[in-house]
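Trainee: what would the 3D arrangement of this be:
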Amino acid sequence: MSVAADTARQLRDEADRVLDFALASRTEHGFGWLDDDGRPTDRPLELWLTCRMTHVAALGLLCGRSEFAALVDHGVQTLSSSFRDPVNDGWFTTIDADTGAGVDDRKLGYPHAFVLLAASSAVVAGRPGADQLLAAARKVHDEHFWIPSKSLVHESFSADWSTSEPYLGVNATMHTVEAFLALHDVTGEVSYLDRAEAMTLQVAGWARDRDWRIPEHFDSDGRILPDYNRDRPADAFRPFGATVGHGLEWSRLALSVRASRLRLEASYNGDELVTAATELATRAVADGWAADGADGFVYTTDWDGVPVVRARMHWVVCEAIGAAYALGQVTGEKHWDDSLLIWWHYAQDHLIDTDRGSWHHELDEHNQVSHGTWAGKPDVYHALQICLLVGDGLPLAPSFATALSRREDTE
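Mentor: This is a model prediction of the structure:
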């Protein structure tokens, strides 16, 4: 794939701009949910957000912005103290923004995947306490979340780990793949790559059987729940139906799994992953892009590809750009280059807020700013990663922090 120099430069400049927006997210006990102007709100602090912003800060530091060192250290410190459950181990889902006391003490798989990612990125950045945080996160995840027999992760547990939720979700699995790829890069342990590959191939198989729409929700025995959350179709983490953005995100991740394996085994084939990545992205674009006549990706569809939630989420466009970049790199097909430009121009026209900073997180079906699912601009994780991926021309493996650290080593 050949990204034009001016397009790459625009994306790299945007990475610095969203990093500027992230600087104000620090609060006493973690990182806050940001409003439209980049100010932390008075919401309880979310584990997933504090982890993602710790990861973002590590990427900022690895990009040469020294002011992010203090933010990485703050993230490591609060994840090792305020968010850590001193009685049952693991991490609280939310804590009080003022006191740091636990508000929701359940243990959720989705944010625990981000603990792994944040800690691994902090290790790559060489920050104090990161190694200890990563060791603790690996231990908790291996003991409680990873399900070897299913190549999935538990969705959630009660505070004391005694009761697991009778539900398994692909969203938590997807971000665990992301975390395992990062862990493989940081630790050199091939078992994490093996797990990531097994999860990815399994999800690809489920999607292949459903015309490349990914089933998202399962019971504890692994049976698909096709009508799950039909009455709450716009849920931020468990929406009903097929989630267009996840097809795109899994496409990129599948190619990162392949690239990671190729770095170990030059003779590795990986054609199954290329096919899956291509089909997942092709289906997501066919179902989601301008599906109701206006530009933008709809959030979800039913199992026949009919739009259900027509809001346009910023993260979906980010993942579309990432998938197009990855597929262009691997297949060399020009239409992915063309698509990347279309979606980047859409982001410039509709999502990037040049007045108040960052990206609008949600638009309605008329491409007007909306807050039906997402209030404010909580974090910059999706936008930053894609701007760095394309703007810096990063490889599909190793993962973001490791790739940036090795780029810096050679400059």
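Trainee: so where's the stretch 1-150 of the chain uncertain?
Mentor: Within the stretch 1-150 of the chain, the segments meeting pLDDT under 70 span 1.
Trainee: quick one: the strands in it?
Mentor: Here the stretch 1-150 of the chain has its strands, by DSSP state E, counting those that start in this stretch, at 26-27, 30-31, 45-46, 94-95, 102-104, 107-108, 146-147.
Trainee: out of these, nearest to Val186?
Mentor: strand 146-147 (17.0 Å; Cβ to Cβ). (Each C-beta comes from the backbone N, C-alpha and C, glycine too.)
Trainee: direction included, what does the closest one pair against?
Mentor: strand 152-153 (antiparallel) (DSSP bridges).
Trainee: count of neighbours near Met87?
Mentor: Careful, residue 87 is Val; it's not Met. Around Val87 there are 9 other residues, counting by other Cβ atoms under 10 Å.
Trainee: helices of the protein, start to end?
Mentor: 5-22, 47-62, 69-79, 109-124, 130-140, 170-187, 190-208, 244-264, 271-288, 314-331, 334-346, 381-391, 400-410 (DSSP state H).
Trainee: let me have those in a markdown table, adding mean neighbour count as columns.
Mentor: As requested, the helices of the chain are exported to a markdown table (neighbours: other Cβ atoms under 10 Å):
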| stretch | mean neighbour count |
| --- | --- |
| helix 5-22 | 18 |
| helix 47-62 | 28 |
| helix 69-79 | 22 |
| helix 109-124 | 27 |
| helix 130-140 | 19 |
| helix 170-187 | 24 |
| helix 190-208 | 19 |
| helix 244-264 | 25 |
| helix 271-288 | 21 |
| helix 314-331 | 25 |
| helix 334-346 | 18 |
| helix 381-391 | 25 |
| helix 400-410 | 17 |
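Trainee: quick one on the thing from earlier: nearest to Glu216, of the strands of the stretch 1-150 of the chain?
Mentor: strand 107-108 (15.8 Å).
Trainee: show me what that closest one is packed against.
Mentor: Contact here means 3 or more Cβ pairs under 8 Å, 6 or more residues apart in numbering; DSSP states H and E; on that basis strand 107-108 packs against strand 156-157.
Trainee: got the helices of the chain as TSV, with distance to Ser164 columns?
Mentor: As requested, the helices of the chain are arranged in TSV below (distance: least, Cβ to Cβ, whole Å):
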stretch	distance to Ser164
helix 5-22	34
helix 47-62	18
helix 69-79	23
helix 109-124	10
helix 130-140	14
helix 170-187	12
helix 190-208	18
helix 244-264	23
helix 271-288	29
helix 314-331	28
helix 334-346	38
helix 381-391	27
helix 400-410	31
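Trainee: for Leu152, which of those is the nearest?
Mentor: helix 170-187 (5.5 Å).
Trainee: surely Gly305 touches Arg213?
Mentor: Yes. Assessed by Cβ atoms under 8 Å, Gly305 is found in contact with Arg213 at 7.1 Å.
Trainee: looking at the helices of the chain, which is closest to Asn367?
Mentor: helix 334-346 (8.7 Å).
Trainee: what's the closest one in contact with?
Mentor: 1-3, 7, 10-11, 285, 295-296, 317, 320-321, 324-325, 327-328, 390 (Cβ atoms under 8 Å, 6 or more residues apart in numbering).
Trainee: mind redoing it with 10 Å?
Mentor: Helix 334-346 is contacted from outside by 1-4, 7, 10-11, 14, 248, 278, 281, 285, 289-290, 295-297, 312, 316-330, 333, 351-352, 367, 386-387, 390, using Cβ atoms under 10 Å, 6 or more residues apart in numbering.
Trainee: give the burial count for Thr373, as a bare number.
Mentor: 16.
Trainee: tell me the pLDDT of it.
Mentor: Thr373 is assigned a predicted lDDT (pLDDT) of 95.
Trainee: likewise for the one 3 residues further on?
Mentor: On pLDDT, Gly376 comes in at 97.
Trainee: try Glu408
Mentor: The predicted local confidence for Glu408 is 55.
Trainee: neighbours of the residue nearest to Arg356 when sequence neighbours are not counted, how many?
Mentor: Once flanking residues are discounted, Arg356 sits nearest to Asp37: 5.3 Å by Cβ to Cβ, 6 or more residues apart in numbering. Using other Cβ under 10 Å, Asp37 has 14 other residues around it.
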